[in-house]
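J.: Next comes the sequence, and after it the predicted model I'd like to discuss.
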Amino acid sequence: MSAESTKGPASYFPSIEKKYGRPIREWQQLVRERLPAKHMELVAMLKGDHGMGHGHANAIVAHVLAAEKT
């Protein structure tokens, strides 16, 4: 599946991996290790601790939290 056809938070994943140099599964694991926590607390952690931009951090957190609900 190409990045162009990917929708939602996952559409950011290729650019996140390129910009921050780590696979998405590592970023997702960092978020999972902090659960339970609020969405914006997790976004703030990625931004503050890892220098991630708001949109990228939000995409990872949203994807992890959605997966946790299923």
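T.: Cool, the structure landed.

J.: quick one: low-confidence parts of this protein?
T.: For the chain, the stretches flagged by pLDDT under 70 are 1-4.

J.: residue nearest the centroid of it?
T.: Central residue of the chain (C-alpha atoms, centre = their mean): Ile60, 1.4 Å from the mean position.

J.: Regarding that residue, what is its secondary structure?
T.: When classified by DSSP: H, G, I helix; E, B strand; the rest coil, Ile60 comes out as helix.

J.: What number of residues are in the vicinity of the closest residue to it other than its chain neighbours?
T.: Closest residue in space to Ile60, ignoring its immediate chain neighbours: Trp27 at 4.9 Å, by C-beta to C-beta, 6 or more residues apart in numbering. (Each C-beta comes from the backbone N, C-alpha and C, glycine too.) Using other C-beta atoms under 10 Å, Trp27 is surrounded by 24 other residues.

J.: what's the answer for Thr70, then?
T.: By other C-beta under 10 Å, neighbour count at Thr70 equals 4.

J.: Roughly how far does the nearest residue to Asn58 once chain neighbours are set aside sit from Pro23?
T.: Leaving aside its chain neighbours, Asn58 sits nearest to Val43 (5.4 Å; criterion: C-beta to C-beta, 6+ apart). Separation of Val43 from Pro23 (C-beta to C-beta, to the nearest Å): 19 Å.

J.: Between these two, tell me which one has more neighbours.
T.: Between Val43 and Pro23, Val43 has the larger neighbour count (other C-beta under 10 Å), namely 22 against 12.

J.: right, and that one touches Gly53 too?
T.: No: applying C-beta atoms under 8 Å as the test, Val43 and Gly53 come out as separate, 10.2 Å apart.

J.: Tell me how far Pro36 lies from Pro14.
T.: 29 Å.

J.: higher neighbour count, those two?
T.: Using other C-beta under 10 Å, the more surrounded residue of Pro36 and Pro14 is Pro14, with 13 against 6.

J.: where's that one, which helix or strand?
T.: When elements are assigned from DSSP states H and E, Pro14 belongs to helix 13-20.

J.: Quick check: which helices or strands does that helix pack against?
T.: In terms of contacts (3 or more C-beta pairs under 8 Å, 6 or more residues apart in numbering; DSSP states H and E), helix 13-20 is packed against helix 24-33, helix 54-69.
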